[in-house]
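In: Fold the following.
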Amino acid sequence: NGNIVFHGRIDDQIKIRGFRVELGEIESKLADEPGVAQAAVVLRSDDGIERLVAFVVPEPGVAVDGPALRAALREKLPDTTFLITSRVLLNLPGERDFAVAPLPTPEPDTAIPEMEKFASTALFCDRANLQIGQVNAPAIGAICRRLDGIPLALELAAARAKVLSPNQILERLSTHPDFLQSRERGVPERHRTLRATIEWSVDLLPTEVRNFFARLCVFRGSFSLEGAENVCAPGLCESWEALDLLEQLRSHSLLQVLETPGGTRYRLLEMLREWGENALNASEWESLRARHLTYFTALVCENQDVISLLENGALLRAENANFRAALSYGMQLDEVQLTLC
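Out: Modelled structure (predicted):
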C-alpha cells in the first residue's frame, strides 16, 4: 500500500551522546581479555542518563581479575561501567553484594491456593506442566522443601515429571544420588546433574575451606559459630579461624547467614549438606559425630537451671535439630551411658 515500516537496525550500532558505537566491537575487546568466556554490552538509561553497561561471564573454574580487566579496558574505552556477576566476591572498591536466596517454599500445612503463590511450587509446576491438586499437593510441597527451593534442582526434578508422579519423584530424591540430571543438549557439563554443580562449586574452594565445608555437614538445621569452632575446627584449624572460613563459604554462596532472636546462625542447604556428608571418609565422620555429641551434651548440662533456661531459651530452641541428631547418635553407640548432668 506504499507505507514504509521501520523496524530498526539489522546491526548492533547505537547512538549515544552524539557518537555512533558498534556494541560488537566493545564485546570483542572484552572477550579478548584473559578469563572471559562471554561478554555482552547493552545501552541502559538510568534516570534519563544513557550509558553503556557490560556484562561479563567468566570461563568455568576461573575468577575474572576485576581490577586487571577494568585497568585494561580503561585504556581502550572511555567512561566505562562494569556490572560483573559472580558466585565469589571480587573485593573491588565500590563493590556491592546482592545475595540471591533460594525460592521460598511452602510449609506442610499450606493450603493449595496459598501454595500456588510460592515461587518454588510455581516454577516446579510450570516446568513439569502440572496443576496443584488435592492428590499431588503434599508431594509437590515436599519436593520444594527437600530441594530447598534451588531453581536448578527444581527444574531437574520437574524434567522427571514426564515419566514419574510427584510422589515417585520425592521417593527417588532420597535414594538415587544422581536422580537429578539433564539430558538437554547444549547444557554445560557442570549443570547436567546437581552433584556436578555442587562439585564444580566446591572445587573452586581452597583445600582448607573445602575440608571445613565438608565437616559442617554434621550439623542439622542451623548452627552457631561456637558449634563450628568446637566441632569442626579441631585437627583442621585454630578455633578462631573458623569465622574466617565461614566468611569464605558465605562469599562463595555456599553458606546461609541467618539473624535469629538467639543471635547469628549459619545453615547449609540440605543438598549441600548431603554432598558434604558423602565426601567424608568413615573415620572422620565418626570423629565428627562424637565431637558433635560431646558439644551438645555439654550445652544441655550448662543450661539445666531455671535462670539459664530463661536466658538462653532462644538459643536452645534453635538447636532442637542438633539435639535430636546428637541423641540419635548416642543411642546408636555400642555402650551408651545415659547420665543426668
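In: CA atoms for contacts and neighbours, from now on please.
Out: OK.
In: ranges for the strands of the stretch 201-341 of the chain?
Out: 222-223, 256-260, 263-267 (DSSP state E, counting those that start in this stretch).
In: need these in TSV with mean neighbour count, can you?
Out: Below are these laid out as TSV (neighbours: other CA atoms under 10 Å):
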stretch	mean neighbour count
strand 222-223	21
strand 256-260	13
strand 263-267	17
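In: Which among those strands is found nearest to Leu73?
Out: strand 256-260 (34.7 Å; CA to CA).
In: Give me the residues contacting that closest one.
Out: Strand 256-260 is contacted from outside by Arg250, Thr264, Arg265, Tyr266, Arg267, Leu268, Leu269, using CA atoms under 8 Å, 6 or more residues apart in numbering.
In: circling back to that earlier point, can you tell me which of the strands of the stretch 201-341 of the chain comes nearest to Ala122?
Out: Nearest of the strands of the stretch 201-341 of the chain (CA to CA): strand 256-260, 23.2 Å.
In: got the angle for that closest one vs strand 263-267?
Out: 150 degrees (axes from the mean of the first three to the mean of the last three CA atoms, to 10 degrees).
In: For strand 256-260, the averaged confidence score.
Out: For strand 256-260, mean pLDDT rounds to 89.
In: Would you mind writing the CA trace of it as PDB?
Out: The C-alpha coordinates for strand 256-260 follow below in PDB (Å, rounded to 0.1, in the frame of the first residue of the first chain):
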ATOM      1  CA  GLN A 256      23.400 -19.000  54.500                       C
ATOM      2  CA  VAL A 257      23.800 -16.500  57.300                       C
ATOM      3  CA  LEU A 258      20.600 -16.200  59.500                       C
ATOM      4  CA  GLU A 259      19.800 -13.500  62.000                       C
ATOM      5  CA  THR A 260      17.700 -15.100  64.800                       C
END
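In: Okay, now the sheet partners of it, with direction.
Out: strand 263-267 (antiparallel) (DSSP bridges).
In: mind checking how far the partner strand is from the chain centre?
Out: Distance, stretch centre to chain centre, for strand 263-267: 16 Å (CA atoms, centre = their mean, to the nearest Å).
In: from here on, count from 14
Out: Understood, numbering begins at 14; the last thing we discussed is strand 276-280.
In: which one of the contacts of strand 269-273 sits closest to Phe192?
Out: Leu282 (17.8 Å).
In: Phi first, then psi, for the closest one.
Out: phi -60, psi 150 (degrees, to the nearest 10).
In: Next one: it, what pLDDT does it get?
Out: 87.
In: Check the one 4 residues further on too.
Out: On pLDDT, Arg286 comes in at 89.
In: what residues are up against the nearest residue to it once chain neighbours are set aside?
Out: Once flanking residues are discounted, Arg286 sits nearest to Cys230: 4.7 Å by CA to CA, 6 or more residues apart in numbering. Taking CA under 8 Å, 6+ apart, we find Cys230 in contact with Leu281, Leu285, Arg286, Glu287, Gly289, Glu290.
In: if you set the cut-off to 7 Å instead, what comes out?
Out: Cys230 makes contacts with Arg286, Glu287, Gly289, Glu290, as judged by CA atoms under 7 Å, 6 or more residues apart in numbering.
In: what do you get for Ala141?
Out: Counted by CA under 7 Å, 6+ apart, Ala141 has contacts Ala171, Ala172, Ala174.
In: residue ranges of the strands in the stretch 14-163 of the chain, please?
Out: Going by DSSP E, counting those that start in this stretch, the stretch 14-163 of the chain shows strands at 26-29, 32-35, 49-59, 62-71, 94-97.
In: Now do the first one: distance to the chain's middle.
Out: What it means is strand 26-29. Distance of strand 26-29 from its chain centroid, counting by CA atoms, centre = their mean, is 38 Å.
In: now do the longest one
Out: The chain centre lies 25 Å from the centre of strand 49-59; the measure is CA atoms, centre = their mean.
In: how about the helix ranked longest in the chain: buried residues?
Out: Using DSSP state H, we find that the single longest helix of the chain is helix 295-314. The neighbour-count check on helix 295-314 (16 or more other CA atoms under 10 Å) flags Trp298, Leu301, Arg302, Ala303, Arg304, His305, Leu306, Tyr308, Phe309, Thr310 as buried.
In: same deal with stretch 225-232?
Out: Phe225, Phe226, Ala227, Arg228, Leu229, Cys230, Val231, Phe232.
In: ok, of those, which one's closest to Arg57?
Out: Proximity of these to Arg57 (CA to CA) peaks at Phe226, which lies at 39.7 Å.
In: can the strands of the stretch 214-354 of the chain go into a markdown table with extra columns for distance to Glu38?
Out: Output for the strands of the stretch 214-354 of the chain, formatted as a markdown table (distance: least, CA to CA, whole Å):
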| stretch | distance to Glu38 |
| --- | --- |
| strand 235-236 | 49 |
| strand 269-273 | 40 |
| strand 276-280 | 44 |
